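Undergrad: give me the fold of what follows.
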Amino acid sequence: ALFDRAGTESVDVAADPRTAAAILRGALAARGHRVIATEHVGGVHLYADRFRYARFGSLVGHVSLVLLLLTAAVGSRVSYADDGFVVPEGSTREVGLAGLSARVASFEAEYYTTGQPKDFRSDLILLRDGSEVARKTIRVNEPLDYDGVRFYQSFFGPAAVVRVTDSSGAVVFDDGVALAWRTDGDRPVGPVRVPGRDVTAYVVAPSAAGRDTLISPGEMRLEIYEGASDRPVKMETLAQGEDVSAAGLTFTFVREKQFTGLRVTRDPTVPVIWLASALLVIGVTAVLVFPTRRLWALARPAAGGSRVAVITVGRRDSSQDDEIKELLAQLSRPAGAQTEAPRRRGRAPAPEARALPEQ
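TA: Numbering: from 1, shown residues only. So this is what the prediction gives:
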């Protein structure tokens, strides 16, 4: 019944069924097919396939998609990202991951003639328990990667070095302050939280939007708050080197600097994502480039030799049609008989051309 279906190709061969099956088997093996032959009373049956494992490409592709979805779900819970990690030039800040601290040894920025940033980079040092473990000059697309944690250069801005001393003259704070936030008047601002004291001072720089009538270029304004009060105990605009006293402390604006803004990420699922992506590519490639080919053939006795019928099941393309026609044409040649056009069931056969007997 299989070889009675529409789409069956057949050809007469001037050889017995065993010989015809052997010729077809050799032709299929030469084209990379695995061939299984079984002999029955009605003739010789052949089954051939090529790229038989490629059909698992669909399974691999689906598994990779599920793996990607699961990885995304897990990654959202176990990954870490800080898009606003700021470190003033010359300062050190704790990262909060794996006992790491980051120090910016230097920061440099280059500009176009229009004033737009051309390039900016940070000489970044990573410390663990006070010891240097990694160092690199990072740029926007050149991060520092250490122990699964990545540091990307993201942005930059102004900073101010502030020194705070108590009434005895002891230094309680001496560090850079990143002015990474903005006031309502578009002025850069950053906080100084005095260690051991319930005192916070906000350092405000001149507005970047244009001329500032309150703060001149090169100056900083300090707004000092004590406790939970929302009213400052002191507000003063200072030039470089000047100081102001409030809440039993003396605040000195030492000099201007810049801060670097980093994006810090850690995602332990990245290797799994790469694996799932590779599996997806392999699966899709296997399905599209190496489609599984399956073919059934039957060589049975017929007048003058045998008749070989060939059929495929499933999706069939033009390249497979051409291959079957070439196989059947190859079958008809070895016996020296007139090559007959392959017959397809369901269509009217072409008129046969018969050779006249020799005189």
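Undergrad: what residues are up against Lys98?
TA: Check again: residue 98 is Ala, not Lys. Neighbouring residues of Ala98 by CB atoms under 8 Å, 6 or more residues apart in numbering: Arg128, Asp147, Val149. No exception for glycine: its C-beta is placed from N, CA and C like everyone else's.
Undergrad: Provide the secondary structure category for it.
TA: coil (DSSP: H, G, I helix; E, B strand; the rest coil).
Undergrad: state the distance from it to Leu127.
TA: Distance from Ala98 to Leu127, counting by CB to CB, to the nearest Å: 11 Å.
Undergrad: name the surrounding residues that touch stretch 112-123.
TA: 104-111, 135, 137-140, 153, 156, 260, 262.
Undergrad: which of the residues you listed fall in strands?
TA: If you go by DSSP state E, those have 104-111, 135, 137-138, 153, 156, 260, 262 in strands.
Undergrad: of all those, which two lie farthest apart?
TA: Tyr111 and Arg135 (25.8 Å; CB to CB).
Undergrad: which of those two has more neighbours?
TA: Counted by other CB atoms under 10 Å, Tyr111 and Arg135 do not tie: Arg135 has more neighbours, with 14 against 11.
Undergrad: so who does that one touch?
TA: Contacts of Arg135 (CB under 8 Å, 6+ apart): Asp123, Leu124, Ile125, Leu126, Leu144.
Undergrad: before we move on, what about Phe251?
TA: The contact partners of Phe251, taken as CB under 8 Å, 6+ apart, are Val162, Arg163, Val164, Val192, Ala201, Leu222, Ile224, Asp243, Val244, Ser245.
Undergrad: looks to me like it is in a strand.
TA: Yes - applying three-state DSSP, one finds Phe251 inside a strand.
Undergrad: scan the protein for its longest helix.
TA: Of all the elements of type helix in the chain, the one with the most residues (DSSP state H) is helix 56-78.
Undergrad: from the chain's centroid, how far away is that one?
TA: In terms of CA atoms, centre = their mean, to the nearest Å, the centre of helix 56-78 is set 13 Å apart from its chain centre.
Undergrad: quick one: low-confidence residue ranges for the protein.
TA: The model of the chain has pLDDT under 70 over residues 1, 314-318, 333-359.
Undergrad: residue nearest the centroid of it?
TA: Residue closest to the mean C-alpha point of the chain, counted by CA atoms, centre = their mean, is Trp274 at 6.7 Å.
Undergrad: for it, which three-state class applies?
TA: With three-state DSSP as the criterion, Trp274 reads helix.
Undergrad: tell me who's in contact with it.
TA: Contacts of Trp274 (CB under 8 Å, 6+ apart): none.
Undergrad: that one and Leu67, how far apart?
TA: On the measure of CB to CB, Trp274 and Leu67 end up 11 Å apart.
Undergrad: again with Pro188
TA: On the measure of CB to CB, Pro188 and Leu67 end up 45 Å apart.
Undergrad: between the two, point out the one with more neighbours.
TA: Neighbours per residue (other CB under 10 Å) separate Pro188 from Leu67, with Pro188 holding more: 22 against 17.
Undergrad: with adjacent residues omitted, what lies nearest to Gly305?
TA: Ala14 (4.4 Å; CB to CB, 6 or more residues apart in numbering).
Undergrad: and Val308, how many residues sit next to it?
TA: Residues lying near Val308 (other CB under 10 Å) number 29.
Undergrad: tell me which element the closest residue to it other than its chain neighbours falls in.
TA: Nearest in space to Val308, with sequence neighbours left out and distances taken as CB to CB, 6+ apart, is Ala299 at 4.8 Å. Assigned by DSSP states H and E, Ala299 belongs to strand 293-302.
Undergrad: in its sheet, what does that strand sit against?
TA: Paired with strand 293-302 in the same sheet, following DSSP bridges, are strand 43-50 (antiparallel), strand 305-311 (antiparallel).
Undergrad: the next helix-or-strand element following the shortest one to strand 43-50, inter-axis angle?
TA: Proceeding N to C from strand 305-311, the next assigned helix or strand is helix 318-332, under DSSP H and E. Computed by axes from the mean of the first three to the mean of the last three CA atoms, to 10 degrees, the angle separating helix 318-332 from strand 43-50 equals 140 degrees.
Undergrad: isn't Leu280 up against Gly61?
TA: Yes - using CB atoms under 8 Å, Leu280 makes contact with Gly61 at a distance of 5.7 Å.
Undergrad: looking at the contacts of Ala98, which is nearest Ser306?
TA: Asp147 (71.8 Å).
Undergrad: where does the closest one fall, phi/psi-wise?
TA: phi 50, psi 40 (degrees, to the nearest 10).
Undergrad: how about the nearest residue to it, chain neighbours excluded?
TA: In space, Asp147 is closest to Ala98, 5.9 Å off (CB to CB, 6+ apart).
Undergrad: the strands in the stretch 151-300 of the chain, which residues?
TA: All strands of the stretch 151-300 of the chain, identified by DSSP state E, counting those that start in this stretch, fall at 171-178, 181-182, 188-193, 199-204, 219-226, 234-239, 243-246, 249-266, 293-302.
Undergrad: how far off centre is the fifth one?
TA: Put plainly, it is strand 219-226. Put simply, strand 219-226 sits 46 Å off its chain's centre (CA atoms, centre = their mean).
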